[in-house]
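Student: From the sequence below, what's the structure:
(2 chains)
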2 protein chains.
Amino acid sequence: MDHNFVDAARKLSAEYRDLNGSTFEILEEPPSALEFARIVHISRPVVIKGVDVPAMKLWDNDYLIKKMGDRLISIAVTPNGCADAITRAPDNRLYFVEPATDRMTMHELLSTLENRRKSSKRSKEIHYLQSQNGNLFSPNESCGEFEPLKYDVPEEIPWCSDALGQKPDAVNIWIGDEGSRTSLHSDPYENIYTVIRGTKHFLLIPPTDSWCLQERLYPHATYKRNSLSGRLEIIPSAGEGSQVRWSSITDPCQRGALPREVVPTHIALQAGETLYLPVGWWHYVWQSDLTIALNWWYDAELRGMSWVLLNFLRNPTSTILPVNTDT
Amino acid sequence: MDHNFVDAARKLSAEYRDLNGSTFEILEEPPSALEFARIVHISRPVVIKGVDVPAMKLWDNDYLIKKMGDRLISIAVTPNGCADAITRAPDNRLYFVEPATDRMTMHELLSTLENRRKSSKRSKEIHYLQSQNGNLFSPNESCGEFEPLKYDVPEEIPWCSDALGQKPDAVNIWIGDEGSRTSLHSDPYENIYTVIRGTKHFLLIPPTDSWCLQERLYPHATYKRNSLSGRLEIIPSAGEGSQVRWSSITDPCQRGALPREVVPTHIALQAGETLYLPVGWWHYVWQSDLTIALNWWYDAELRGMSWVLLNFLRNPTSTILPVNTDT
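Tutor: This next block holds a predicted model:
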């Protein structure tokens, strides 16, 4: 039995696709806890309609601006719309680059997004509210930046909490437009994702394809604003230790970017719709309009085989190779 | 990424054990459907007390003999207690050997088991009621050999049916003693196993160890009774096509029989106790007394990753090697 892991994994990917296809189920109404427990066990993406979130009826611009008032909120800003993404720096090396953070009011954020979208000059900086730190609810934070909005958002999704036997680990609000996209990655969470306004696009790839998504170790960097020029610059983080494991596939929508065997699923999630995005599924995400969304993250189940198999498929030998070794 | 599959799988086995240990949970009462759905997702063996089966209060020898009367039932018989097991034949080749079948009344079966156990001559043939074809209930059979007993057995386990969203595929009765054992194998079923009388022993190994359980292709054979001598003989099946894939580990309880990395779980299931034996778990089973048991088999979930991963771990390259190639 001295078989090659890649040969075996390629066969696994093919069998998974043969058995499951690349389609997704649509539920016309939210499942019961028991129905959702069965869905979690199957661990495939499902679009769910009719999830009751008060924000859907309330969150027009006027309401958001009035409720949030003069509070400053943290907004990711990049020159190209790629926050938390692999980017080539002026030194010609590739880095995992985190966004700079601008502090502004809700009014300023919505105006900035609107102005950039109206303007013909599309070279401007891209803003994206994506703090994803449990900015609405989190067990560790007493109160986030969006405290005035939290009364419009359920603290948990009851059928999901009951199915998983736990409360969410974080609830987040996301505001962005077609200028920004989220690079291909997977999370250690079961994810319930609801669109409030606009359209969110998900390109989804099952964990059985993890082995061919070219994860490498990238040095860490952050966009910082140069105090003289005002421009955003990539500043590598100090220390050799700050390496980030990330997929090398920067734009999976580009023709030929994905390995031949991968057949992604595209879901265009409309306002009022909710996506169950199972733990370990790879996702590349963008908006086709000004889009406001919410998500509830629940910790992954660590007991049993699922968790160790997700890691096994990503990283069969604990040796993720660094990039930039020949530059 | 030209890693060796075995190195990767060895790491997976170790991580599974680090995270899950080799212990099992005991529930003092049956779970709700929702609780059991969570258990199925974790897919680890659980002992459940208090499952209500009328047979537990009814099935002494007198009752069974009276109810079954003169009906003939099919009983597996072997010279050594190893039905459906890898056995070396007089031609010195290894075969997967199915038992002969004797037809007898319940009275004869219980007397046969009792007499052999009382007798000092332990070389006698071993009988085991193990027809496992849905002998109590099955969606395809209108009525099995044990029809008079079926009123004492629930046709389904409600919390299991609800959790899995389906009815059992088969319900079986098992009667045997310490003379017989069931060789190491795994089933494509979720299994609910209840002991009515006696003690059933399970040696359990998780599917993450499948890759090292030495499955090979064995030629098929059957014990048949020689019409002259009356003795049981191994008769190879006709045709080269009749190959059976089976673990080469004939007695996993023997010191050194299991690969070093495998840490099995031993569960001695007492009368009144029920085992949830998850799909794909390897089990070697024996009795320490005259033991009567029931089981409910539910079809495995084929959607999602579990099923393809179970196959992947058993057989990463579709090439299970035949035995006997050098004899």
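
Student: Only C-alpha atoms from now on, for both contacts and neighbour counts.
Tutor: Will do.

Student: my guess is residue A:254 is in a helix, correct?
Tutor: No - looking at residue A:254 with DSSP: H, G, I helix; E, B strand; the rest coil, it is coil, so not inside a helix.

Student: what's around it, how many residues?
Tutor: Per other CA atoms under 10 Å in any protein chain shown, the neighbour tally for residue A:254 reads 9.

Student: Likewise for residue A:283?
Tutor: Neighbours around residue A:283, by other CA under 10 Å: 23.

Student: nearest residue to it other than its sequence neighbours?
Tutor: Leaving aside its sequence neighbours, residue A:283 sits nearest to residue A:204 (CA to CA, 6 or more residues apart in numbering or on different chains; 4.7 Å).

Student: For the one you found, which residues count as its bridge partners?
Tutor: On the basis of DSSP bridges, residue A:204 is bridged to residue A:265, residue A:283.

Student: what's the answer for residue A:218, then?
Tutor: Taking DSSP bridges, one obtains residue A:244 as the residues bridged to residue A:218.

Student: Which helix or strand contains the closest residue to residue A:32 other than its chain neighbours?
Tutor: In this structure, residue A:32 finds its nearest non-sequential neighbour in residue A:159, 5.8 Å apart by CA to CA, 6+ apart. Following DSSP states H and E, one finds residue A:159 within helix A:158-164.

Student: do the same with residue A:227
Tutor: Using DSSP H and E, residue A:227 sits within no helix or strand.

Student: Tell me the spacing between it and residue A:87.
Tutor: Remark: distance between residue A:227 and residue A:87 (CA to CA, to the nearest Å) = 22 Å.

Student: These two: who's more crowded?
Tutor: For residue A:227 versus residue A:87, neighbours defined as other CA under 10 Å are more numerous around residue A:87 (20 against 8).

Student: quick one: what helix or strand has the more buried one in it?
Tutor: Element membership of residue A:87, judged by DSSP H and E, is strand A:85-88.

Student: Residue A:160: what's it in contact with?
Tutor: Taking CA atoms under 8 Å, 6 or more residues apart in numbering or on different chains as the criterion, residue A:160 is in contact with A:33, A:36-37.

Student: Narrow those to those in helices?
Tutor: Using DSSP state H, the subset of these located in helices is A:33, A:36-37.

Student: right, and out of those residues, which lies closest to chain B?
Tutor: Nearest to chain B, judged by CA to the nearest CA, of these is residue A:37 at 6.1 Å.

Student: Quick check: that closest one touching residue B:38?
Tutor: Yes - with contacts counted by CA atoms under 8 Å, residue A:37 reaches residue B:38, the gap being 6.7 Å.

Student: shared neighbours of these two, anything?
Tutor: In contact with both residue A:37 and residue B:38: A:163-164, using CA under 8 Å, 6+ apart.

Student: confidence score at the residue nearest to residue A:283?
Tutor: You'll see residue A:204 listed with a pLDDT of 98.

Student: Would you confirm that it contacts residue A:280?
Tutor: No - checked against CA under 8 Å, the pair residue A:204 and residue A:280 is beyond contact range at 10.5 Å.

Student: who's more crowded, these two?
Tutor: Between residue A:204 and residue A:280, residue A:280 has the larger neighbour count (other CA under 10 Å), namely 26 against 23.

Student: Report whether the more buried one is found in a strand, as I expect.
Tutor: No - under three-state DSSP, residue A:280 falls outside any strand and is assigned coil.

Student: who are the neighbours in contact with it?
Tutor: A:186-189, A:206-207, A:310.

Student: before we move on, back to that, can you point out the buried residues in the helix holding residue A:159?
Tutor: A:159-164 (16 or more other CA atoms under 10 Å in any protein chain shown).

Student: Please, a PyMOL command that selects the buried ones among the contacts of residue A:280?
Tutor: In PyMOL, a selection of the buried entries from those looks like this (16+ other CA under 10 Å):
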select buried, chain A and resi 186+187+188+189+206+207+310
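
Student: Any chance of TSV for the contacts of residue A:280, columns secondary structure and distance to chain B?
Tutor: Converted to TSV, the contacts of residue A:280 look like this (DSSP: H, G, I helix; E, B strand; the rest coil; distance: CA to the nearest CA, whole Å):
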residue	secondary structure	distance to chain B
A:186	coil	16
A:187	coil	17
A:188	coil	16
A:189	strand	15
A:206	coil	9
A:207	helix	9
A:310	helix	10
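
Student: ok, longest helix in chain A?
Tutor: Chain A, longest helix under DSSP H: helix A:5-20.

Student: between it and helix B:5-20, how big is the angle?
Tutor: Helix A:5-20 runs at 70 degrees relative to helix B:5-20, counting by axes from the mean of the first three to the mean of the last three CA atoms, to 10 degrees.

Student: For helix A:5-20, report the contacting residues that lie outside it.
Tutor: Taking CA under 8 Å, 6+ apart as the rule, helix A:5-20 contacts A:208-209, A:211, A:261, A:313, A:316, B:1-5, B:8, B:302-305, B:308-309, B:312, B:316-317.
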